[in-house]
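> Give me coordinates for this.
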Amino acid sequence: MTSSELQPRQDGAEALRLLADGELTLEGRLVDASNATLRGVVALGEVTAHCVYKPVRGERPLWDFPDGTLAGREVAAYLVSRATGWDLVPPTVLRDGPFGPGSCQLWIDEPADAEPLVGFVPAESVPPRWFPIAAARDDDGAAYALAHADDPRLARLAVLDAVINNADRKGGHVLVGADDRIYGVDHGVSFHVEEKLRTVLWGWAGRLLPADAVEMLDALVGPLAGALGEELAEHLTLGEVAAVAARVERLRDTGRFPLPPEEWPAMPWPPM
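The predicted structure follows:
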């Protein structure tokens with residue numbers, strides 16, 4: 001079986017076993033990543049899949065996140081995503097590897113003909129049902145808009161980001177899988193107790209949450225106070241787990257997508 005055959009949603013339990021227990025062989029490094037991010041292959045019996053391995057020792061120190069915690073935050077994002085039932089984050093585990101403990105996430109292949117949902121488009125021709133988020137110019141002075149589609153799959157990802165307090169939702173962190181599902185990746189700087197939501201998905205800011213998001217948030221309350229909260233506490237501080245529950249309550253109370261912050265940059269850099 002190849003990674004293209006192993007669908008994260010259909011084979012989630014199998015993927016977790018493979019990621020956790022499979023033999024990990026590295027293929028190379030993603031050189032654009034700010035932290036050590038290595039592509040590899042995991043193999044268990046006859047099953048193999050590509051993966052992304054991020055060793056803790058390869059994490060750059062950050063001024064606002066404790067050292068050595070980003071890998072655990074990647075796993076925590078997967079746990080919350082799984083609990084929503086939306087499965088927006090590929091299966092992710094914490095395991096030992098060639099460079100020590102780190103996160104190991106199923107690699108998502110994007111088909112060559114996948115339609116992008118986020119990007120820079122000419123300012124005068126933003127596609128219908130797309131939200132322009134920010135203005136930009138290229139080196140020749142041509143005007144562009146950073147924009148994203150008004151797509152319910154993206155709206156779900158925006159809600160998940162609000163729940164986990166994602167400080168780095170770049171456009172390049174949104175993938176369209178072979179099954180036409182979208183996936184969010186790179187959640188190492190999430191779950192801070194202070195408000196740090198930084199994203200390119202501001203198109204719904206202040207709008208009412210969709211009905212399915214309201215239902216999801218309602219359903220998340222119980223697990224956060226129980227089994228999910230206990231799982232998250234293996235990777236986050238108790239204060240960070242409590243902050244997740246507080247953000248869920250706030251979203252339920254307002255019933256709206258959050259607004260861009262005034263005291264914190266609203267978008268990551270670079271945005272893509």
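
> Now do the helices in this protein.
Remark: helices assigned in the chain by DSSP state H are 12-21, 70-84, 152-164, 211-225, 227-232, 238-254.

> For Leu146, which of the ones you listed is the nearest?
The closest of the helices of the chain to Leu146 is helix 152-164. By Cβ to Cβ, the value is 13.8 Å. (C-beta placed from N, C-alpha, C; glycine too.)

> neighbouring contacts of the closest one?
Applying Cβ atoms under 8 Å, 6 or more residues apart in numbering, the contact partners of helix 152-164 are 76-77, 80-81, 84, 86, 88-89, 117-118, 148, 166, 169, 174, 181-182, 184, 187, 190-191, 197, 199, 201, 203-204, 209-210, 212-213, 216-217, 220, 244, 247-248, 251, 257-258.

> okay if I get the helices of the chain as CSV plus mean pLDDT, mean neighbour count and distance to Glu46?
Putting the helices of the chain into CSV (pLDDT from 0 to 100; neighbours: other Cβ atoms under 10 Å; distance: least, Cβ to Cβ, whole Å) gives the following:
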stretch, mean pLDDT, mean neighbour count, distance to Glu46
helix 12-21, 93, 18, 11
helix 70-84, 98, 23, 25
helix 152-164, 98, 22, 32
helix 211-225, 98, 16, 34
helix 227-232, 98, 18, 30
helix 238-254, 98, 16, 38
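
> how about the ones you listed, which one is nearest Val52?
helix 70-84 (9.1 Å).

> which helices and strands sit right next to the closest one?
Counting contacts by 3 or more Cβ pairs under 8 Å, 6 or more residues apart in numbering; DSSP states H and E, helix 70-84 packs against strand 47-55, strand 92-95, strand 102-106, helix 152-164, helix 211-225, helix 227-232.

> Distance-wise, check the residue of the chain most remote from its centre relative to Ala123.
Distance from the centre of the chain peaks at Asp140, with 33.2 Å (Cα atoms, centre = their mean). Distance, Asp140 to Ala123, using Cβ to Cβ, to the nearest Å: 13 Å.

> quick one: low-confidence ranges for the stretch 1-150 of the chain?
Applying pLDDT under 70 to the stretch 1-150 of the chain picks out residues 1-11.

> quick one on the thing from earlier: for the residue farthest from the centre of the chain, give me its contacts.
Applying Cβ under 8 Å, 6+ apart to Asp140 gives no contacts.

> which outside residues touch stretch 36-50?
1-3, 6, 14-15, 17-19, 21-30, 51-55, 57-59, 97, 99, 104, 106-107, 109.

> Please pick the buried ones from those.
Neighbour counting with 16 or more other Cβ atoms under 10 Å marks 3, 6, 14-15, 17-19, 22, 24, 51-55, 58-59, 97, 104, 106-107 as buried within the contacts of stretch 36-50.

> could you redo the helices of the chain as TSV and give each row distance to Ile133?
As requested, those are exported to TSV (distance: least, Cβ to Cβ, whole Å):
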stretch	distance to Ile133
helix 12-21	32
helix 70-84	22
helix 152-164	12
helix 211-225	20
helix 227-232	30
helix 238-254	21
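
> Trp264 is nearest to which of those?
Closest approach to Trp264 among those is made by helix 152-164 (13.7 Å; Cβ to Cβ).

> circling back to that earlier point, which among the helices of the chain is found nearest to Pro268?
Across these, closest to Pro268 is helix 152-164 (Cβ to Cβ), at 11.0 Å.

> That closest one vs helix 238-254, what angle?
Per axes from the mean of the first three to the mean of the last three Cα atoms, to 10 degrees, the angle that helix 152-164 makes with helix 238-254 is 130 degrees.

> tell me the angle helix 152-164 makes with helix 211-225.
In terms of direction (the same axes, to 10 degrees), helix 152-164 departs from helix 211-225 by 30 degrees.
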